[in-house]
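# what's the 3D shape of this:
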Amino acid sequence: MRKIFNKICLVLVALFISQFVWADQIVDANEILSKVDAVLAAPEDLSALIKISIINKNGDIKNREVQMYQKGNKKRLVKVLAPADQKGIGFLSLPDDIIYVYLPAYKKTRRIAAHIKNQKFVGTDFTYEDLEAKNYSDKWTPELFRTEKEMFVLKLIPRQEVVSEYSKIILYVRVEDYFPLKAEYYNKKCELIKIMEILKTERIKEYLIPVSYSMQDLCSGNKTEMVMSEVKLDTGLDDNLFTERNLAR
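Presented below is the predicted three-dimensional model:
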């Protein structure tokens, strides 16, 4: 009888420890993700010229050039400069899942509904959801999936109220500075469909900025690379820049 009692005690202790470790893991994961958000939103504002190369599975390349303005992780405006047949197309991302798209051919601005944010922006492999201004912590519940050499690996699950095309994202975060270097995107069938990688970062002022990154679509075999130049930080961008009216200009 005493042996049975001891075994029950051991099981209870093991359950208590496992629950404690699990809870501690969740706390750590949230802290890591909050630090990721802080790193990405460190500059008060940012503007940059972005050159885009869309490479299909046969190696053919289509080029785009866009101007981007961003304020923290809350507001982002992107306008196409080239090619000529797409010049003026733009999108505006605002808090509370608000995204507007401007199509100069129709001279019309329309709001993108949450359930169709999986549309690709001007033929790239980045969807509106990928490009929207956001804090990860606002939309995703993190779990410390595993740790690798010099890397935290987080599994992100969309929060209950969030509409996303992804069932999960596996995010690779550098331990040294909490900078996210890679993201793996999974569809509703839990199939890996896209991989985003930061190819190059630069220290500008006191900030770490991703100046070259790529998105690979594993379904189509296409890949999109983006390179930022003429990066300007903390210039005091006015909130009036991030409006529907300015998007249509």
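# my guess is Thr109 contacts Glu244, does it?
Yes. In this structure, Thr109 is within contact of Glu244 by C-beta atoms under 8 Å, at 5.3 Å. (Each C-beta comes from the backbone N, C-alpha and C, glycine too.)
# next one: stretch 56-74 to chain centre, how far?
Chain-centre distance of stretch 56-74: 14 Å, with C-alpha atoms, centre = their mean, to the nearest Å.
# repeat for stretch 219-226
16 Å.
# buried residues, it. List them.
Asn222, Lys223, Thr224, Glu225, Met226 (16 or more other C-beta atoms under 10 Å).
# mind giving me the packing neighbours of the top strand by length along the chain?
Scanning the chain for the strand with the most residues, using DSSP state E, yields strand 192-204. Packed against strand 192-204 by the contact rule (3 or more C-beta pairs under 8 Å, 6 or more residues apart in numbering; DSSP states H and E) you find strand 180-186, strand 207-217, strand 223-233.
# how about the closest residue to Leu171 other than its chain neighbours, what does it touch?
Nearest residue to Leu171 in three dimensions, chain neighbours excluded: Leu154, at 4.5 Å (C-beta to C-beta, 6 or more residues apart in numbering). By C-beta atoms under 8 Å, 6 or more residues apart in numbering, the residues touching Leu154 are Ala29, Ile32, Leu33, Pro142, Glu143, Leu144, Phe145, Ile170, Leu171, Val173.
# ok, what's across the strand from the fifth one?
In this entry, Glu143 is beta-bridged to Lys155, by DSSP bridges.
# if we can go back for a sec, identify the contacts common to Thr109 and Glu244.
Counting by C-beta under 8 Å, 6+ apart, the residues touching both Thr109 and Glu244 are Tyr100.
# what is the neighbour count of Tyr100?
Using other C-beta atoms under 10 Å, Tyr100 has 18 neighbouring residues.
# which stretch of helix or strand covers it?
strand 98-103 (DSSP states H and E).
# packing partners of that strand?
strand 90-94, strand 108-111, helix 244-247.
# and the helices and strands packed on strand 192-204 as a markdown table, adding distance to Arg159 and mean pLDDT?
Below are the helices and strands packed on strand 192-204 laid out as a markdown table (distance: least, C-beta to C-beta, whole Å; pLDDT from 0 to 100):
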| stretch | distance to Arg159 | mean pLDDT |
| --- | --- | --- |
| strand 180-186 | 16 | 98 |
| strand 207-217 | 23 | 97 |
| strand 223-233 | 27 | 98 |
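# dump the ones you listed to JSON lines, plus distance to Asp130.
Formatted as JSON lines, the helices and strands packed on strand 192-204 follow (distance: least, C-beta to C-beta, whole Å):
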{"stretch": "strand 180-186", "distance to Asp130": "8"}
{"stretch": "strand 207-217", "distance to Asp130": "7"}
{"stretch": "strand 223-233", "distance to Asp130": "10"}
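# with that, I have no additional questions.
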